[in-house]
Each structure stands twice: as structure tokens, then as C-alpha cells.
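> Fold the following for me, if possible:
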Amino acid sequence: PVDSGTGRRGSTGPLPAETMADLGFALYAGAKLPGVVMADGAPDGRYQIWLHDRNGSAATVTHEEVWQYGSRQLWDEATAVHTAYVNDGSPDPGDFGLTVSPGGQR
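Now for the predicted structure:
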């Protein structure tokens, strides 16, 4: 459950929706933010992003505002990871790989 008693409101600039909804970013963010679930959509005609982890932290984001809950600042973390993703050249899904060997996986 989300720690709703710790809500903190903030403002957002333009949402990087096009690249945050990209599979390349999803793979990148999955490696950089383990345990964080991110989803996006427009259930009422307004684009939104939702993030949460298993420890009660969450964020809801629209073009106008961001609400963050719990001990983590998930939106701040996600935007920092997005900046790193762009700085790393916005890798495509094909740029990621997985190696499995008797010694482990990476």
C-alpha cells in the first residue's frame, strides 16, 4: 500500500512522455531502478505517469503537477535516470543484452 500520509506536491516541466514510454527507456530504467514499477496512460484524456515500489513509495505525474509519497522521491529518481538515458544516447531495445553462463548472469 502507498504511504498516502506523506504526500508531497510539486510541479513538473514538460513531461518527456515520448521517451519515457519507449521500450529502450523501460529496459534502461529497469536496470537503474530495480523494484520500481512505472506505467503511463491517459484514462481521463490527460497523459499521466504512475510509479511505485514495494515499500510504499509512489508518484503520480501529470503535465501540471507531481505528487510523491513515501520515503523515496520516485519522480526525482526517474527523471535523473531519464537524463542519464538521454546522455547515454537513448539506447534502443536492441542495444541491451543478457549473458547467462555457469558463473551467473549479467
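> Quick one: the strands in this protein, in order.
8-11, 37-41, 48-52, 58-61, 65-69, 100-101, 104-105 (DSSP state E).
> deepest of the ones you listed, which one?
strand 58-61 (a mean of 23; mean count of other C-beta atoms under 10 Å). Where you see a C-beta, it was placed from the backbone N, CA and C, and this is true even at glycine.
> re the thing from before, quick one, which of the strands of the chain is nearest to F25?
strand 37-41 (9.2 Å; C-beta to C-beta).
> just checking, what packs against that closest one?
Packing contacts for strand 37-41, counted by 3 or more C-beta pairs under 8 Å, 6 or more residues apart in numbering; DSSP states H and E, involve helix 17-20, strand 48-52.
> what are the pairing partners of it, and which direction each?
Strand 37-41 sits in its sheet next to strand 48-52 (antiparallel), going by DSSP bridges.
> pLDDT of the partner strand, averaged?
Mean pLDDT, strand 48-52: 92.
> and the top helix by length along the chain, which residues are buried?
Ranked by number of residues, the top helix in the chain under DSSP state H is helix 74-87. For helix 74-87, burial by neighbour count (16 or more other C-beta atoms under 10 Å) applies to L74, W75, E77, A78, T79, V81, H82, Y85.
> Would you mind measuring from the residue most central in space within the chain to E64?
Centre of the chain computed as the mean C-alpha position; nearest residue by C-alpha atoms, centre = their mean is A78, 4.4 Å away. Computed as C-beta to C-beta, to the nearest Å, the A78 to E64 distance reads 17 Å.
> got it, and L51?
17 Å.
> Pull stretch 44-64 out as PDB, backbone CA atoms only.
Provided in PDB are the C-alpha atoms of stretch 44-64 (Å, rounded to 0.1, in the frame of the first residue of the first chain):
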ATOM      1  CA  ASP A  44      -9.300  10.700 -18.400                       C
ATOM      2  CA  GLY A  45      -7.800  12.200 -21.600                       C
ATOM      3  CA  ARG A  46      -4.800  13.700 -19.700                       C
ATOM      4  CA  TYR A  47      -1.400  11.900 -20.000                       C
ATOM      5  CA  GLN A  48      -0.200  10.600 -16.600                       C
ATOM      6  CA  ILE A  49       2.700   8.600 -15.300                       C
ATOM      7  CA  TRP A  50       2.500   6.400 -12.200                       C
ATOM      8  CA  LEU A  51       5.400   4.900 -10.300                       C
ATOM      9  CA  HIS A  52       5.500   2.800  -7.200                       C
ATOM     10  CA  ASP A  53       7.800   0.400  -5.300                       C
ATOM     11  CA  ARG A  54       7.100  -2.400  -2.800                       C
ATOM     12  CA  ASN A  55       7.900  -0.200   0.300                       C
ATOM     13  CA  GLY A  56       5.000   2.300   0.000                       C
ATOM     14  CA  SER A  57       6.700   5.000  -2.100                       C
ATOM     15  CA  ALA A  58       4.800   6.200  -5.200                       C
ATOM     16  CA  ALA A  59       4.400   9.100  -7.500                       C
ATOM     17  CA  THR A  60       1.600  10.300  -9.800                       C
ATOM     18  CA  VAL A  61       2.600  12.800 -12.500                       C
ATOM     19  CA  THR A  62       0.600  14.900 -15.000                       C
ATOM     20  CA  HIS A  63       1.700  17.900 -17.100                       C
ATOM     21  CA  GLU A  64       0.700  20.200 -14.300                       C
END
